[in-house]
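**Student:** sequence below, structure please.
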Amino acid sequence: MSELGMSDKAVLSCRSLGKSYEEGPEKVQVLSNLQLELFPGERVAIVGSSGSGKSTLLNLLGGLDTPSEGSVWLAGEELSALGERARGLLRNRALGFVYQFHHLLPEFTALENVCMPLLIGRTAIPEARERAEALLKRVGLGHRLSHKPAELSGGERQRVAIARALVNRPGLVMLDEPTGNLDQHTAQGIQDLMRELSTSSQTAFLVVTHDLNLARQMDRVLRLEEGRLVPI
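**Tutor:** Model prediction:
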């Protein structure tokens, strides 16, 4: 354990995490005294009602926002101690993110979309293409490499987004409502893929979802209520 009381093996840790906003003379406390550790290969779901602070929490854990209190550690680095550029480089290396809406670049093919994080990290183009193609084959899209997002189904676009999140081999992938726009069969395929990758690659997954069927298939389920995480 580190001197902060958090395991050195955790891919993500937060301690006494809080976030508040000023609304005129009022202070609105959105999150308060959150504790969380996520370990390699672990799959954790966070559920909660609309407005409970799930998006705020994801932004803090991903280094897109800074906490009012406490700290977030990703891959052994305290996010708020890093400058903006260093934080961005760490996110690109250690964290993958999948949104409810895939956010693929429409003018690029599936292969080119998955290559993007590698090219941003200055990986040579031949290696980037090789790694991206291997991942797309792994998610069942080896026959769709040259297709643009508009030529893919919703489930295929989400699988491209997951491949893009995984291509830098991050220790952690965060997913925000990953099955919200998918039919039941396709959603189950995404769940099976997460389970397989958590075992084979020791990738950790943190999923924010309203889908209780998805949540129940995770290793742990936490509910965000009144600004705190409660095991369920």
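**Student:** and the residue of the chain most remote from its centre, how close does it get to residue 121?
**Tutor:** Using CA atoms, centre = their mean, the residue of the chain lying farthest from its centre is residue 25. It sits 34.5 Å away. Separation of residue 25 from residue 121 (CB to CB, to the nearest Å): 45 Å. Using the backbone N, CA and C atoms, a C-beta is placed for each residue, glycine as well.
**Student:** now for the helix or strand that contains residue 190, which elements pack on it?
**Tutor:** In this assignment (DSSP states H and E), residue 190 forms part of helix 184-200. Judged by 3 or more CB pairs under 8 Å, 6 or more residues apart in numbering; DSSP states H and E, helix 184-200 is in contact with strand 43-47, helix 154-166, strand 204-208, helix 212-216.
**Student:** run through the neighbouring helices and strands of the last one.
**Tutor:** Same thing as helix 212-216. So helix 212-216, by 3+ CB pairs under 8 Å, 6+ apart, packs with strand 43-47, helix 184-200.
**Student:** of all the ones you listed, which one comes closest to residue 105?
**Tutor:** helix 184-200 (20.8 Å; CB to CB).
**Student:** what residues does the closest one touch?
**Tutor:** For helix 184-200, the surrounding residues in contact (CB atoms under 8 Å, 6 or more residues apart in numbering) are 41-43, 139-140, 153-155, 158-159, 162, 166, 175, 178-179, 182, 203-205, 207, 211, 213-214, 217.
**Student:** average pLDDT across it?
**Tutor:** Mean pLDDT, helix 184-200: 81.
**Student:** then stretch 96-103?
**Tutor:** pLDDT averaged over stretch 96-103 gives 78.
**Student:** again with stretch 66-74
**Tutor:** Here the average pLDDT along stretch 66-74 is 91.
**Student:** now it - C-alpha only, CSV.
**Tutor:** Output of stretch 66-74 as CSV, limited to C-alpha atoms (Å, rounded to 0.1, in the frame of the first residue of the first chain):
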residue,chain,number,x,y,z
THR,A,66,-10.5,18.7,-11.6
PRO,A,67,-11.8,17.7,-8.1
SER,A,68,-12.8,20.2,-5.5
GLU,A,69,-11.4,17.8,-2.8
GLY,A,70,-9.4,14.6,-2.8
SER,A,71,-7.3,13.0,-5.5
VAL,A,72,-7.5,10.7,-8.5
TRP,A,73,-4.7,8.4,-9.5
LEU,A,74,-4.4,6.8,-12.9
